[in-house]
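A.B. asks: Make a model of this:
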Amino acid sequence: MKNNFYLLFTFLFLCTALKAQHNHDEGHRKEQLERVQAAKVGFLTDKINLTEGQAQKFWPMYNQHSDQRREIFHGIRRKIRTGKEEGVSVLEKNKLLDETMALKEKDLEMQKDFKNKVLDIISVDQYIELMSAEREFNKLLMERLGKRKKPN
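C.D. replies: Predicted coordinates for the structure are as follows:
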């Protein structure tokens, strides 16, 4: 009886510890994402030379656009992951591929719409610089993440 009690107690303790670790990981991940977003705002603002008036109009629109694109990319990754699972039929895989292509088309339409709206706020030259700066920031971020993952 005592052994069962200790076993139950140990099991509950481990479950609680794992849950706490999971919550910590989520909080840490959210904190990291916020730091990356703040760095991105500073980087892009500097690169595209936004005025204060432009920034007030630009950032809410840009953030909404980025959130929508992030959702699309998560959807694409989920569909690809599902297609790789065992037991998924060829017919289901074809359907997932069609859905992936539809999401990519939606992303392209969103980008076109964003461009048309944002050009009321920033110049064409600033928009071109934005596209370049986004790629540059992502490249820098990937390099930094790659360095962090490499063992010393």
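A.B. asks: Now do the buried residues in the helix or strand containing residue 112.
C.D. replies: Assigned by DSSP states H and E, residue 112 belongs to helix 90-118. For helix 90-118, the neighbour count (16 or more other C-beta atoms under 10 Å) marks 96, 99, 100, 103, 107, 114, 118 as buried. Using the backbone N, CA and C atoms, a C-beta is placed for each residue, glycine as well.
A.B. asks: so which helix or strand takes in the closest residue to the second one other than its chain neighbours?
C.D. replies: Put plainly, it is residue 99. Residue nearest to residue 99 in three dimensions, not counting chain neighbours: residue 79, with 5.6 Å by C-beta to C-beta, 6 or more residues apart in numbering. Per DSSP H and E, residue 79 falls inside helix 52-84.
A.B. asks: what's the average pLDDT for that helix?
C.D. replies: Taken as a whole, helix 52-84 has an average pLDDT of 94.
A.B. asks: I'd like to check the angle between it and helix 90-118, please.
C.D. replies: Orientation check (axes from the mean of the first three to the mean of the last three C-alpha atoms, to 10 degrees): helix 52-84 against helix 90-118 gives 180 degrees.
A.B. asks: Determine how far helix 52-84 lies from the middle of the whole chain.
C.D. replies: How far helix 52-84 lies from its chain's middle: 7 Å, per C-alpha atoms, centre = their mean, to the nearest Å.
A.B. asks: buried residues in that helix?
C.D. replies: Buried-residue list, helix 52-84, by 16+ other C-beta under 10 Å: 54, 55, 58, 62, 65, 75, 76, 79, 83.
A.B. asks: For these, please prepare JSON lines with the additional fields distance to residue 43.
C.D. replies: Output for those, formatted as JSON lines (distance: C-beta to C-beta, whole Å):
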{"residue": "54", "distance to residue 43": "16"}
{"residue": "55", "distance to residue 43": "13"}
{"residue": "58", "distance to residue 43": "14"}
{"residue": "62", "distance to residue 43": "13"}
{"residue": "65", "distance to residue 43": "17"}
{"residue": "75", "distance to residue 43": "27"}
{"residue": "76", "distance to residue 43": "25"}
{"residue": "79", "distance to residue 43": "31"}
{"residue": "83", "distance to residue 43": "35"}
